[in-house]
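> Sequence and computational prediction follow.
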Amino acid sequence: MRVAREHFHNLKELPKTEQLEPGSPLCAGCGGLSALRLVHQVLGENVVWVNAAGCMTLLATFPYTPMHASWLYTTMGSAAAGAQGVRDALDILIESGRLPAEENLHVVVLAGDGSTLDMGLSATSAAIHRQLDFWYLCYDNEAYGNTGFQLSAASPLGSLTATTHHGATQRKKDIFEIWRAHRPPYVATLSAHDPLDLAEKIARGKELHGPKLLLSLAVCPTGWGFDPALGDEIAKLAIETGVWPLKEAKDGVVRHTYRPSRFRPVEDYLRPQRRFRHLFAPQRNEELLSRLQQQVDAYWRDAT
Amino acid sequence: MIRVRLHGRGGHGVKTAGRIVGSAAFHAGFHGQDAPVYGAERRGAAVASYAWIDRGPIRERGVIARPDLIVIADETLLADPASGVLAGAETATALFVNTDRVEALALPDSLRSRVIAADLTSRTLAALGRAAALSASLGAAAVRLLGAVPLDALLQAIRDELTAIGVAPTELGKNEQLARDVFALLQPLAFADTGKSLSLAAQSAPAASERTGGSMAQVGYEGVMRGTPSILSGGNSAARHTGAWRVQRPVIDPALCSRCGLCFVQCPDGVVSLDAEGYPVIDYDHCKGCLLCQRVCPVGAIHEERETRAW
């Protein structure tokens, strides 16, 4: 079941203009780049990116950049603080007549899950609390990908990372709910597999003033261990198994924008990924597999 | 000490090949160390790893600026000066290049006599079904050339290192057989073992005395305006041709294409554009060859072809 969309109804309506040039050194098949490209196309050219250190550091590798828009690089912990400075500067320039109002820019933090869920959370919480008018795009590949795929607070239970050789022992931190608890005007999850849902959510967010989170699953062939050609299929399985819910929260009220009519077993999503292979071989880890399924079942039982 | 520097593209298994060299040396009773170059270890991008082998403890760390042996997994790296493949090559004993056309390599004449070439890609494709899974064959080539390490130590290292990165047990035997074949294919370089130290005998390269010490590259601090530079020319990354990353090439058959636009929407790098009639066109200068487009195409209008010439 899918909620009605007001702005985008078919692929032909998506913007055609590329905002990013090719030639970046990101991995072939990068799910984070897929999400960034689509988000940038819908946001348009009037954007200033505030990029926390992470995989997307590699976008601009001196002396090259795929960006036509402005890009400011920050430490992992300070992207939201950087966004505050950029937003304030734009406001002052516009107020004092030194920048025409029509040249205003969207200030967008671009950060991975390590930055978003761990190191940058304090500065982000403060920025949301101050009602800073900014976007926050998190590409969630569920580990510290750029440094060799170490455990982050987004790594799912049971997944292998460079620092969890027997699988992560903790549950994934729920950053959607942490943001929502601040009551910002808009919080949404995205997937590059559903570009219309993604575009629609950006169009909805554009009408709102204040902090806005776009949380995108970023399938990661390198870290998750699958053939990059399968990126879209893995992203689809994340949605169809219920592992990655597509949802939004406007002023704190949650609505799922897509609900699979029949959920596929979580195993179907886990099996093609090397980071979960130890759950299936040499013998099946029935206990953990059923816990992972139960977590998803429990989530959807309570979902609105 | 023997210093080995391995170069390839992310996904080739260059890091694991380095580990195989270090591990194999250890199993053969030597001291061995290995380390990947940290920074851009992404699929398709130029990556490197190091291995050191000696009779005694290895205290050297950091960049290998003057390798004794350079192992190059992908000949297209020779055309990319930024990859640093040939750094220090003038004092290396040998350069191993994975290629099937050694005569056409972009190499200075001074290095040509020290090149050893073999087509590992075809052998790997035949053995494993994947052309880019080069870690076992590269590791085997490097270990064989070093001469000092026997086959059983190599095979033990391959089993250990491939198991550690999650290679399925069913694939181990194929990798071992591939390594045996590569081991038999190549002739070892001359090496000298004094019982206290190990070295490759220099052939046409400069005297060994010039190659000792000075292996560390000096990295200085830069002022903040140089250390944190600005890029003032937007969108210039197109000058970098990532098309050389491809192992397989997606090819669109317009007769089958339904012009749905899914490949255009889903290409992570935005290298599929739509022409005036709505047909997709792939920019091969930049397509990294992930083949996601092939899998999302609902009518099977995209097939893949092996890249035989990557530039």
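That came through fine. Everything numeric here is computed off the predicted structure, so don't read it as measured data. Numbering: from 1, shown residues only, chains lettered A, B, ... in the order given.
> What lies in contact with the helix or strand hosting A:D297?
A:D297 belongs to helix A:286-302 when assigned by DSSP states H and E. The contact list for helix A:286-302 (C-beta atoms under 8 Å, 6 or more residues apart in numbering or on different chains) reads A:156-158, A:167, A:171, A:241-243, A:245, A:259, A:263, A:265-267, A:270, A:279. All C-beta spots, glycine's among them, are computed from the backbone N, C-alpha and C.
> Please settle this for me: is B:R5 part of a strand?
Yes - counting by DSSP: H, G, I helix; E, B strand; the rest coil, B:R5 falls inside a strand.
> Dig out what it forms beta bridges with.
B:Y50, B:I70 (DSSP bridges).
> Please report the number of neighbouring residues for it.
When neighbours are defined as other C-beta atoms under 10 Å in any protein chain shown, B:R5 has 29 of them.
> List the contacts of it.
B:A48, B:S49, B:Y50, B:I64, B:P67, B:L69, B:I70, B:V71, B:G88.
> A:V109 looks like it's in a strand, true?
Yes - A:V109: assigned to a strand according to three-state DSSP.
> from memory it sits against A:Y136, does it?
Yes - contact criterion C-beta atoms under 8 Å: A:V109 and A:Y136 qualify, at 4.5 Å.
> between the two, what contacts are shared?
With C-beta under 8 Å, 6+ apart as the test, A:V109 and A:Y136 both reach A:A80, A:A83, A:T124.
> Can you go through those residues and name the buried ones?
A:A80, A:A83, A:T124 (16 or more other C-beta atoms under 10 Å in any protein chain shown).
> hang on, the earlier thing: next, give me the two most distant ones among the contacts of B:R5.
Spanning the widest gap among the contacts of B:R5 are B:S49 and B:G88, at 15.1 Å by C-beta to C-beta.
> of these two, who's got more company?
Ranked by neighbour count (other C-beta under 10 Å), B:S49 and B:G88 place B:S49 first, with 26 against 20.
> what's the spacing between the nearest residue to that one once chain neighbours are set aside and A:I178?
Of all residues not flanking B:S49 in the chain, B:G18 sits nearest, at 3.2 Å (C-beta to C-beta, 6 or more residues apart in numbering or on different chains). Note on B:G18: its distance to A:I178, by C-beta to C-beta, to the nearest Å, is 40 Å.
> More neighbours: the two, which one.
With neighbours defined as other C-beta under 10 Å, B:G18 and A:I178 compare such that B:G18 has more, 28 against 17.
> tell me which parts of the stretch 101-250 of chain A are close to chain B?
A:147-148, A:160, A:192, A:195, A:221-222, A:225, A:227-233 (C-beta under 8 Å from any C-beta of the partner chain).
> let's see 6 Å
A:P195, A:T222, A:P228, A:A229, A:G231, A:D232 (C-beta under 6 Å from any C-beta of the partner chain).
> Can you name the next helix or strand after whichever strand or helix holds B:V97?
In the assignment (DSSP H and E), B:V97 maps to strand B:94-98. Following strand B:94-98 in sequence order, the next helix or strand is helix B:109-112 (DSSP H and E).
> buried sites along that following helix?
Buried residues in helix B:109-112 (16+ other C-beta under 10 Å): B:L111.
> Mind splitting chain B into its structural domains?
B:2-211, B:240-306 (automatic domain parsing).
> and those domains as TSV, adding mean pLDDT?
Listed next are the domains of chain B as TSV, based on pLDDT from 0 to 100:
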stretch	mean pLDDT
domain B:2-211	89
domain B:240-306	95
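> distance of B:E60 from B:I2?
Distance from B:E60 to B:I2, by C-beta to C-beta: 11 Å.
> meant to ask about B:E305
40 Å.
> try B:H27
16 Å.
> Between these two, which has more neighbouring residues?
B:I2 (25 against 18).
> ok, that one - contacts?
B:I2 makes contact with B:I53, B:D68, B:L198, B:L200, according to C-beta atoms under 6 Å, 6 or more residues apart in numbering or on different chains.
> dump the residue contacts of the second one.
This means B:D68. B:D68 neighbours (C-beta under 6 Å, 6+ apart): B:I2, B:R3, B:T93, B:L200.
> Mind picking the two most distant members of these?
Farthest apart among those - using C-beta to C-beta - are B:R3 and B:T93, which lie 10.2 Å from each other.
> Surely B:Q156 is within a helix?
Yes - applying three-state DSSP, one finds B:Q156 inside a helix.
> For the spatially most distant residue from the centre of chain B, which non-adjacent residue is closest in space?
Seen from the C-alpha centroid of chain B, the residue lying at the greatest distance (C-alpha atoms, centre = their mean) is B:E277, 40.4 Å away. Using C-beta to C-beta, 6+ apart and skipping the chain neighbours, the partner closest in space to B:E277 is B:R259 (7.6 Å).
> What of B:L151?
B:F183 (5.5 Å).
> Confirm for me that the one you found is in contact with B:D152.
No - in this structure, B:F183 is not within contact of B:D152 by C-beta atoms under 6 Å, at 10.6 Å.
> what's the residue closest to the geometric middle of chain A?
Note: chain A centre (C-alpha atoms, centre = their mean) maps to A:S216, 2.4 Å.
> Direction included, what does whatever helix or strand that residue lives in pair up with?
Taking DSSP H and E as the definition, one finds A:S216 inside strand A:212-217. Applying DSSP bridges, strand A:212-217 is found paired with strand A:135-140 (parallel), strand A:186-191 (parallel).
> now whichever helix or strand comes after the last one against strand A:212-217, angle please.
Past strand A:186-191, further along toward the C-terminus, the next helix or strand under DSSP H and E is helix A:195-206. Direction vectors for helix A:195-206 and strand A:212-217, defined by axes from the mean of the first three to the mean of the last three C-alpha atoms, to 10 degrees, enclose an angle of 160 degrees.
> Return the list of helices and strands in contact with helix A:195-206.
helix A:31-43, strand A:186-191 (3 or more C-beta pairs under 6 Å, 6 or more residues apart in numbering or on different chains; DSSP states H and E).
> in it, what's buried?
Applying 16+ other C-beta under 10 Å to helix A:195-206 flags A:P195, A:L196, A:D197, A:L198, A:A199, A:E200, A:K201, A:I202, A:R204, A:G205, A:K206 as buried.
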